[in-house]
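Engineer: Sequence unavailable; structure follows:
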Ligand code: 5GP
């Protein structure tokens, strides 16, 4: 298990319900829950149950899972009514401003976004 030596984060505790979160979707491979500090009217995270620390560490073996996370993010955005579009974000490492080292896709919407990001 290549991720077995990584320390677990708060997101593993959310997955196993040790700490509370607004989990509104779950399947065999991932969960989705509302971000505790939302940056827009709608802001949720899609995370794999496997504690992959960051996007820069994924391998070919993770292709199917990564595809599943993106398809799930898209389907949940539709279900949440984000018909005018939205932003998907994956932060990686220090320069990417990653704070929780358990891979997650931010789904952010419900307002006009700007570009480029800060
Ligand atoms: P990052 O900067 O790592 O891409 O984003 C981590 C995100 O996780 C942040 O938007 C932060 O608000 C969110 N977050 C951190 N801890 C918790 C928590 O305990 N519960 C929930 N629901 N969100 C969290």
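Structural biologist: Done, it's in. These numbers come from a predicted model, not from an experiment. Numbers count the residues shown, from 1 in each chain.

Engineer: Every contact and neighbour count from this point should use C-alpha atoms.
Structural biologist: Will do.

Engineer: Low-confidence ranges, the chain, go.
Structural biologist: Applying pLDDT under 70 to the chain flags residues 1-5.

Engineer: could you show me where the helices are in it, in order?
Structural biologist: Using DSSP state H, the helices of the chain run over 10-15, 63-79.

Engineer: closest to the ligand out of those helices?
Structural biologist: helix 10-15 (6.0 Å; C-alpha to the nearest ligand atom).

Engineer: ok, residues contacting that closest one?
Structural biologist: Helix 10-15 is contacted from outside by 19, 20, 21, 31, 49, 51, 100, 102, using C-alpha atoms under 8 Å, 6 or more residues apart in numbering.

Engineer: and the closest residue to the second one other than its chain neighbours, how many neighbours?
Structural biologist: Beyond its immediate neighbours in the sequence, the residue positioned closest to residue 20 (C-alpha to C-alpha, 6 or more residues apart in numbering) is residue 14, lying 6.2 Å away. Burial of residue 14 is recorded as 17 neighbouring residues (other C-alpha atoms under 10 Å).

Engineer: tally of neighbours for residue 64?
Structural biologist: 9.

Engineer: quick one on the thing from earlier: show the buried residues in the contacts of helix 10-15.
Structural biologist: Buried members of the contacts of helix 10-15, counted by 16 or more other C-alpha atoms under 10 Å: 21, 31, 49, 51, 100, 102.

Engineer: restrict the residues you listed to those near the ligand?
Structural biologist: Counting by C-alpha under 6 Å from any ligand atom, 21, 100 from the buried ones among the contacts of helix 10-15 sit close to the ligand.

Engineer: Out of the buried ones among the contacts of helix 10-15, which is nearest to the ligand?
Structural biologist: Nearest to the ligand out of the buried ones among the contacts of helix 10-15 is residue 100 (C-alpha to the nearest ligand atom; 4.0 Å).

Engineer: Let me see the contact set for the closest one.
Structural biologist: If you count contacts by C-alpha under 8 Å, 6+ apart, residue 100 has them with 9, 10, 11.
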